[in-house]
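Novice: have a look; sequence and predicted model below, questions after that.
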Amino acid sequence: MLANSDKFWAMKSERENSRSGKADSAIDTESERFLSQISALEFARSNHIPGVRTVLVVLSSAGMVYDLESMRQKVLWSYPDATVFFQTTDGKSVGAASPQHVDLLIDFTGRGQRQPLLHAKRLRRTTRVAVGRKTGFFRKRLYDRLLEEKPAVGTGDAMEHERSAQKQVLALAGVVVSQSGESGPDRGRTIPRELPPMQQLA
């Protein structure tokens with residue numbers, strides 16, 4: 001049986017090991033997140049489409065991750081020579097109407113969102129490269145790049161699913177979305193434990 005002092009030091013060592021393990025876990029999680037972001041950026045860059053001068057963005061009726069101006073800026077970051085137009089899911093122009101032919105279609109229309117019959121086919125006829133989500137009857141045959149996605153489960157999951165799906169569609173369209181503005185995990189309690197004691201800094 002351990003003496004009282006031995007028990008104290010054994011318990012202290014166990015607590016320190018536990019804290020160290022949690023800190024390492026937080027670091028590993030952040031590293032994985034960082035690597036995942038790099039991979040996503042590289043994937044988007046690999047999907048870049050040359051010669052894009054006009055872009056039509058069809059909005060999701062379930063809601064958009066970015067407002068129109070933010071979306072425009074993100075598209076222009078990857079396609080600086082382009083003019084960006086917007087359209088609702090049911091085909092109505094938002095702002096200036098798009099020309100009869102566009103170089104790139106980014107269609108965020110998702111499952112269960114009402115769209116005029118054969119609207120996707122009409123969009124395809126006026127677009128050089130069409131990118132969207134696998135929904136409806138014709139898109140698999142019509143669109144050049146489609147996001148395969150599983151249906152969301154639950155209200156909270158549906159909102160997060162929509163957010164993730166829209167970012168993936170942008171990546172398929174070659175639009176690089178920087179993650180720097182998004183908040184990461186709270187490490188307020190782990191960072192101080194990783195810093196050296198103050199006396200070592202004197």
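Specialist: Great, that's in hand.

Novice: show me where the protein has helices.
Specialist: Along the chain, counting by DSSP state H, helices occupy 4-46, 68-78, 119-125, 139-142, 155-172, 191-194.

Novice: least confident of the ones you listed, on average?
Specialist: Within the helices of the chain, the least confident segment by mean pLDDT turns out to be helix 191-194, at a mean of 42.

Novice: hmm, Ser93 and Phe85 touching each other?
Specialist: Yes. With the criterion set as CB atoms under 8 Å, Phe85 and Ser93 qualify as a contacting pair; they are 7.2 Å apart. Using the backbone N, CA and C atoms, a C-beta is placed for each residue, glycine as well.

Novice: more crowded one of the two?
Specialist: When Phe85 is set against Ser93 and neighbours are counted by other CB atoms under 10 Å, the residue ahead is Phe85, at 19 against 12.

Novice: contacts only, for the residue nearest to the more buried one when sequence neighbours are not counted.
Specialist: Distances taken as CB to CB, 6 or more residues apart in numbering put Ser98 closest to Phe85, at 3.7 Å, once the chain neighbours are dropped. In this structure, Ser98 makes contact with 54, 56, 85, 87, judged by CB atoms under 8 Å, 6 or more residues apart in numbering.

Novice: ok, 7 Å please
Specialist: Going by CB atoms under 7 Å, 6 or more residues apart in numbering, Ser98 touches 56, 85, 87.

Novice: and what of Gln87?
Specialist: Gln87 makes contact with 56, 58-59, 93-94, 98 under the criterion CB under 7 Å, 6+ apart.

Novice: show me the beta-bridge partners of it.
Specialist: Judged by DSSP bridges, the bridge partners of Gln87 are Val58, Ser93.

Novice: quick check: the gap between Val94 and Leu56.
Specialist: Here the criterion is CB to CB, to the nearest Å. By it, Val94 lies 11 Å from Leu56.

Novice: who has more neighbours, those two?
Specialist: When Val94 and Leu56 are compared on other CB under 10 Å, the one with more neighbours turns out to be Leu56, at 23 against 13.

Novice: tell me the pLDDT of that one.
Specialist: The predicted local distance difference test score for Leu56 is 97.

Novice: again, but for Thr83
Specialist: Spelled out, the predicted local distance difference test score at Thr83 is 97.

Novice: look up the closest residue to it, ignoring the ones flanking it.
Specialist: Thr54 (5.5 Å).

Novice: just to check, the one you found is in contact with Val102?
Specialist: Yes. Contact between Thr54 and Val102 holds when scored by CB atoms under 7 Å: they sit 4.2 Å apart.
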